[in-house]
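>>> Please find the sequence and the predicted model below.
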Amino acid sequence: MLTEWLHTVPPLLVYVVVGLVVGVESMGIPLPGEVVLVAAALMASHHDGVSPLWVGVAASAGAIIGDSIGYALGKRFGPRIFGWAGERFPRHFSEDKVGRARAVFEKYGAWAVFFGRFVALLRILSGPLAATMGMHYGKFLLANAAGGIAWAGGTTAAVYFVGEAAERYLAEFSWIALVVVLVAVVAFSVRGRLRRSRR
């Protein structure tokens with residue numbers, strides 16, 4: 001039923017949603033950009049019309065454009081933008097979290113922009129923080145574009161190929177084997193949490 005419904009979703013709509021959500025998140029508004037990207041990449045592995053290449057392109061474009069808008073907002077409004085964000089989204093923009101992100105940017109500069117794309121908090125704060133800290137836009141854009149393409153392309157490719165492989169293998173397994181695998185995964189997860197809580 002779900003598979004049939006997925007095949008009715010127009011591919012263009014998938015690309016637009018991915019680009020918009022990733023773009024808005026990159027501007028500094030906490031949306032589940034990575035979750036949407038992963039869902040679209042999985043969809044591409046089950047939907048003949050959805051191309052993983054265009055999913056990656058849409059996410060890359062959203063990341064680059066969104067971060068650039070975030071940079072412009074940071075340049076225009078400065079620290080006030082963090083005060084406003086702290087009131088609207090205290091969970092994501094508390095003084096402590098913004099302070100930690102600022103320390104990373106002070107220490108690593110453009111590398112923080114590149115690798116920040118792979119970290120949820122830095123992904124949201126990258127543009128505004130880089131601007132308020134005086135990073136030149138050309139330097140920011142280069143690191144931002146490289147990070148956005150690496151993140152979007154790498155995530156899409158990994159999820160797409162894992163999804164295709166999982167589909168092939170699960171088609172050959174019986175339901176009993178699938179249940180055994182799921183129970184084993186849950187057991188290892190619970191065991192890991194118990195160890196961490198003891199520490």
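Okay, I see it.

>>> Find the centremost residue of this protein, please.
Averaging the C-alpha coordinates of the chain gives a centre point, and the residue nearest to it by C-alpha atoms, centre = their mean is Glu34 (2.8 Å).

>>> residue ranges for the strands of this protein, please.
The residue ranges that make up strands in the chain, judged by DSSP state E, are empty, as it has none.

>>> tally of neighbours for Pro79?
11 (other C-beta atoms under 10 Å). Every C-beta, even on glycine, is put in place using the N, C-alpha and C of the backbone.

>>> hang on, the earlier thing: ok, the residue nearest to the centre of the chain to Phe161 distance?
Counting by C-beta to C-beta, to the nearest Å, the gap from Glu34 to Phe161 is 17 Å.

>>> Ala120 too?
In this view, Ala120 and Phe161 are 23 Å apart by C-beta to C-beta.

>>> Now do the helices in the protein.
Remark: helices assigned in the chain by DSSP state H are 2-6, 11-27, 33-44, 52-77, 80-88, 95-108, 110-116, 120-132, 137-172, 175-198.

>>> Put together CSV for those helices, with mean pLDDT on each row.
What follows is the helices of the chain, written out as CSV (pLDDT from 0 to 100):
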stretch, mean pLDDT
helix 2-6, 50
helix 11-27, 91
helix 33-44, 86
helix 52-77, 92
helix 80-88, 71
helix 95-108, 78
helix 110-116, 88
helix 120-132, 82
helix 137-172, 81
helix 175-198, 58
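
>>> so Gly148 touches Ala58, yeah?
No - Gly148 lies out of contact with Ala58 (C-beta atoms under 8 Å); the separation is 11.3 Å.

>>> okay, the helices of the chain, which one's buried deepest?
Among the helices of the chain, ranked by average contacts under mean count of other C-beta atoms under 10 Å, first place goes to helix 120-132 (a mean of 24).

>>> and that helix, what does it pack onto?
Counting contacts by 3 or more C-beta pairs under 8 Å, 6 or more residues apart in numbering; DSSP states H and E, the secondary-structure elements packed against helix 120-132 are helix 11-27, helix 33-44, helix 52-77, helix 80-88, helix 95-108, helix 110-116, helix 137-172.

>>> out of those, which comes closest to Leu129?
helix 95-108 (5.3 Å; C-beta to C-beta).

>>> quick one: contacts for Ala157?
Taking C-beta atoms under 8 Å, 6 or more residues apart in numbering as the contact definition, Ala157 lies against Ala41, Pro52, Gly56.
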